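*Asks:* Pasting the sequence and the predicted model now:
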Amino acid sequence: MPLNSSWTTVTVPALDHLPRPLSLRSQTLPRHHVFPLHQHRWNQFVYATSGTLLVEVDTVWHVITPEQAIWVPTGMMHSTGALQDAAFRNLYVADQVADGLPTRPMVFAVSPLLRELIVELVQSQSRPEPEPFFDRLDAVILDQLQRLQQQDFALPWPHSRPLRQMCEALYQAPDDPRPVEVWGRQIGLSARTITRRFEQEVGISLRRWRQRLRLFRALEWLGEGRSITRIALDLGYASPSAFIYMFRQEMGISPKAFASG
């Protein structure tokens, strides 16, 4: 994940073997800190209970919120960075207990139950729990991993530095109304070049990506408990009703129904 100079590289923890077939590694990953490309001899469930992660798996980049996770199969090159301060809660899953789990990278929607199970696993490590307790907890977590729904909705990320610079700025300020011509002057590319290269790298148009970005941040902020009015204004909508209309068009339900579901 070759990012610009505002990103700080974090050393990948040395780990020769897993202490348990299902092992947790907790870490606070500050904003714009990133692990270099690496691989493991086990599967990895990349997840953060808070914050936003930028994950590269098999040369494809994704942004995931606490409502999502990425499954990284054994031996696959990957990298993880934080777009926002993240409570990184990483599950390592040995092949021996991964029957029925994917053999290719996959984005999952994280259920509230699995999130709470991961939180409990984090907290229980500081308590003097007997070994059978962890065996039972691991079994329930593995069961839940196999029940997760694959999520087609994702926010892809460009590879080249100028486009990443633009996308990072838009991620921090999705209400930024500047047109592509203005962005071109800022990052040193013509509007035509931005439009062409963005679609080549990301697979969708910049206009569609910005719409998806607004939806993505709305899902993130709804998860944080922000009000619909505040979200609408922070996304640059003229009114909450305009935001609600967009959300219904994309998700099939209202923001209120999504937040309460």
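*Replies:* Received the coordinates, thanks.

*Asks:* need the longest helix for this structure.
*Replies:* helix 206-224 (DSSP state H).

*Asks:* Which secondary structure elements does the helix or strand following it sit against?
*Replies:* Scanning forward in sequence from helix 206-224 by DSSP states H and E, the next helix or strand is helix 228-234. Where contact means 3 or more Cβ pairs under 8 Å, 6 or more residues apart in numbering; DSSP states H and E, helix 228-234 is packed against helix 206-224, helix 240-251, helix 255-260. For every residue, glycine as well, the C-beta is placed using N, CA and C.

*Asks:* what pLDDT, on average, does the longest one get?
*Replies:* By that I understand helix 206-224. Helix 206-224 carries an average pLDDT of 88.

*Asks:* same check, this time on the last one
*Replies:* Across helix 255-260, the average pLDDT comes to 81.

*Asks:* Please name every helix or strand in contact with that helix.
*Replies:* helix 206-224, helix 228-234, helix 240-251.

*Asks:* Just the buried positions in it, please.
*Replies:* 255, 258-259 (16 or more other Cβ atoms under 10 Å).

*Asks:* Redo these as JSON lines? Include distance to Gln200.
*Replies:* JSON lines is the format used below for the buried residues of helix 255-260 (distance: Cβ to Cβ, whole Å):
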{"residue": "Pro255", "distance to Gln200": "33"}
{"residue": "Phe258", "distance to Gln200": "32"}
{"residue": "Ala259", "distance to Gln200": "36"}
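
*Asks:* will you turn the helices and strands packed on helix 255-260 into a markdown table that also has distance to Thr49 and mean neighbour count?
*Replies:* Below are those laid out as a markdown table (distance: least, Cβ to Cβ, whole Å; neighbours: other Cβ atoms under 10 Å):
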| stretch | distance to Thr49 | mean neighbour count |
| --- | --- | --- |
| helix 206-224 | 11 | 18 |
| helix 228-234 | 21 | 17 |
| helix 240-251 | 23 | 16 |
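
*Asks:* Right, I'll call it a day here.
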